[in-house]
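In: everything below, folded, please.
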Amino acid sequence: MAENRTVEVTHGCIVCGRIFNILAVYSPAGKLLDCTVTSPGGQIVPDGGQPLAACSSHTAEEIAAAYKKWQGVRSAKSDDDQSDQ
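Out: Numbers count the residues shown, from 1 in each chain. Now for the predicted structure:
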């Protein structure tokens, strides 16, 4: 039986780009189970697919707007990748 995998990753704040370290736990199948920011001044932005972070100093509105923009860019990139095939 395979065990969960713990990985430390680096991500930028989705609002301003400040760098944070994130400790993420993945299932044996590769699904994100949980994550936490290990750098001071950061917080997790909930997303079931991958770990995301934002500065604790940003407002909820700023984070929500940046997350919506991030989803749009991610969706557009996915569409471009599919059209290349």
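
In: which residues touch the residue nearest the centre of the chain?
Out: The structure's the chain has its C-alpha centroid closest to residue 52; by C-alpha atoms, centre = their mean the separation is 2.1 Å. Each residue near residue 52 by C-beta atoms under 8 Å, 6 or more residues apart in numbering is listed here: 11, 14, 44-46, 67, 70. C-betas here are computed from N, CA, C, even on glycine.

In: distance to residue 56, pLDDT and neighbour count added to those residues, as a markdown table?
Out: As requested, those are arranged in a markdown table below (distance: C-beta to C-beta, whole Å; pLDDT from 0 to 100; neighbours: other C-beta atoms under 10 Å):
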| residue | distance to residue 56 | pLDDT | neighbour count |
| --- | --- | --- | --- |
| 11 | 15 | 94 | 23 |
| 14 | 13 | 96 | 20 |
| 44 | 11 | 96 | 17 |
| 45 | 11 | 94 | 21 |
| 46 | 15 | 89 | 8 |
| 67 | 15 | 92 | 17 |
| 70 | 18 | 87 | 15 |
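
In: which one of those residues is nearest to residue 5?
Out: Taking C-beta to C-beta as the measure, residue 11 is the one of the contacts of residue 52 closest to residue 5, at 17.3 Å.

In: tell me what that closest one is bridged to.
Out: residue 20 (DSSP bridges).

In: that one against residue 51, yeah?
Out: Yes. Using C-beta atoms under 8 Å, residue 11 makes contact with residue 51 at a distance of 6.3 Å.

In: what's near enough to touch residue 34?
Out: Contacts of residue 34 (C-beta under 8 Å, 6+ apart): 24-25.

In: over to residue 70: give its phi and psi.
Out: phi -60, psi -40 (degrees, to the nearest 10).

In: ah, wrong one, I meant residue 28
Out: phi -60, psi -30.
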